[in-house]
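# give me coordinates for this.
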Amino acid sequence: QVQLVESGGGLVQAGGSLRLSCVASGRTFRIYSVGWFRQTPGKEREFVAAISKSDGRQFYTDSVKGRFTISRENAKNTINLQMNSLKPEDTAVYYCAADRTGLGSRISEYDYWGQGTQVTVSS
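A predicted model of the protein is given here:
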């Protein structure tokens with residue numbers, strides 16, 4: 001069992017930066033790949049970025065490539081999402097999620113989810 005808690009959301013102007021963190025409980029966190037997803041009202045939750053459990057492989061949805069960076073600190077059970085050059089269309093609730101079996105972008109692949117943190121980017 002893994003419990004995930006996100007933090008770091010807030011209100012920022014377009015072009016600004018935020019750093020989201022996801023802290024996990026449990027000593028086996030290192031065996032999970034971790035992803036970030038986001039959701040706006042009336043829309044489906046969408047994939048943002050993911051990082052593997054072992055070799056640090058990362059991948060991103062096209063709309064955030066070059067602006068967002070995902071990283072992990074296994075000793076601290078923490079996954080970070082550095083978000084730069086934010087745009088109003090990045091406004092959403094951001095969720096982290098843990099996947100024991102692979103490294104994917106589909107919601108169904110993830111086993112555990114946090115409660116989310118709100119990111120609002122003003123124009």
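# pLDDT below threshold where in the protein?
27 (pLDDT under 70).
# rerun that using 90 as the cut-off
Scanning the chain for pLDDT under 90 picks out 1-2, 26-32, 53-56, 74-75, 100-103.
# in it, which spans are strands?
For the chain, applying DSSP state E gives strands covering 4-7, 10-13, 18-24, 33-39, 46-51, 58-60, 68-73, 78-83, 92-99, 112-113, 117-122.
# which parts of stretch 52-64 are buried?
52-53, 60-61, 64 (16 or more other C-beta atoms under 10 Å). Placement of C-beta: from N, CA and C, glycine included.
# geometric centre of the protein: which residue is closest?
Trp36 (2.3 Å; C-alpha atoms, centre = their mean).
# from what I see, that residue and Cys96 are in contact.
Yes - using C-beta atoms under 8 Å, Trp36 is in contact with Cys96, at 5.6 Å.
# which residues are common contacts for the two?
In terms of C-beta atoms under 8 Å, 6 or more residues apart in numbering, Trp36 and Cys96 are both contacted by the residues 20, 22, 79, 81.
# re earlier: which of the buried residues of stretch 52-64 sit farthest apart?
The most widely separated members of the buried residues of stretch 52-64, counting by C-beta to C-beta, are Lys53 and Val64 (21.1 Å).
# hang on, Tyr94 packs against Gly9?
Yes - the pair Tyr94 / Gly9 is scored as a contact, 6.4 Å apart, by C-beta under 8 Å.
# any shared contact partners between the two?
20, 117-119.
# just the buried ones among those, please.
20, 117, 119.
# ok, the closest residue to Ala97 other than its chain neighbours - how many residues close by?
Closest residue in space to Ala97, ignoring its immediate chain neighbours: Tyr110 at 3.8 Å, by C-beta to C-beta, 6 or more residues apart in numbering. By other C-beta atoms under 10 Å, 24 other residues sit near Tyr110.
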